[in-house]
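In: A predicted structure for the sequence below; I have some questions about it.
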Amino acid sequence: MQNAYAEWQQEVTDYEKTALLPATFPPLGWRHKPKTLLDRTGYYMTDLSAPIVAGTFDAALASAQCALSAARALTQGESAAFGLCRPPGHHAGRANCAGYCYINNATVAAHWLSARGKVAVVDYFSSCRSRF
């Protein structure tokens, strides 16, 4: 992801240059990493709502750092910490982005904290039910 947009700008001559989005998605279970950038984009994205633009990598990295700052605060004695991460990250997987999420920030923080002790992740919003 770090170099994808710059590579896209160099590679593209007659296609939309504003955002890097896949044209196709490999079938589920596809094990061979595609060679072209456009095909790799579809390989690593699970939907069309995670465009890669000029500042995507920097924003995703800063968002992960925000989650790590909250985790670090806990190890420094804070009883609670909240990292308001944008882009959020909850739709991102180990090797894919989706839903405007590029790095799973909660996983990054939990992994960092797990090196220092036990960690529990509670996904409150996924378990909420609407009362409307």
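Out: Done, it's in.

In: Return the residues in contact with the residue nearest the centre of the chain.
Out: In the chain, the residue lying closest to the centroid (CA atoms, centre = their mean) is Y102, at 1.7 Å. Shown in contact with Y102 (CB atoms under 8 Å, 6 or more residues apart in numbering): M1, A50, T56, F57, A59, A60, S63, P87, G89, A92. (C-beta placed from N, C-alpha, C; glycine too.)

In: Let's see that with 6 Å instead.
Out: For Y102, the contact set (CB atoms under 6 Å, 6 or more residues apart in numbering) comprises A60, P87, A92.

In: try L21
Out: With CB under 6 Å, 6+ apart, L21 has these contacts: L48, P51.

In: Please report how far the closest residue to the residue nearest to the centre of the chain other than its chain neighbours lies from C101.
Out: Spatial nearest neighbour of Y102, chain neighbours left out: A60 (3.8 Å); criterion: CB to CB, 6 or more residues apart in numbering. A60 sits 8 Å away from C101, going by CB to CB, to the nearest Å.

In: Just want to know which of those two has more residues nearby.
Out: The residue with more neighbours, out of A60 and C101, is A60; 25 against 21, by other CB atoms under 10 Å.

In: picking up where we left off before, which elements pack onto the host helix or strand of the residue nearest to Y102?
Out: Using DSSP states H and E, A60 falls within helix 56-75. Using 3 or more CB pairs under 6 Å, 6 or more residues apart in numbering; DSSP states H and E, the elements in contact with helix 56-75 are helix 105-114.

In: Now do the helix it packs on and helix 56-75, the angle between them.
Out: Helix 105-114 and helix 56-75 are oriented at 40 degrees to each other (axes from the mean of the first three to the mean of the last three CA atoms, to 10 degrees).
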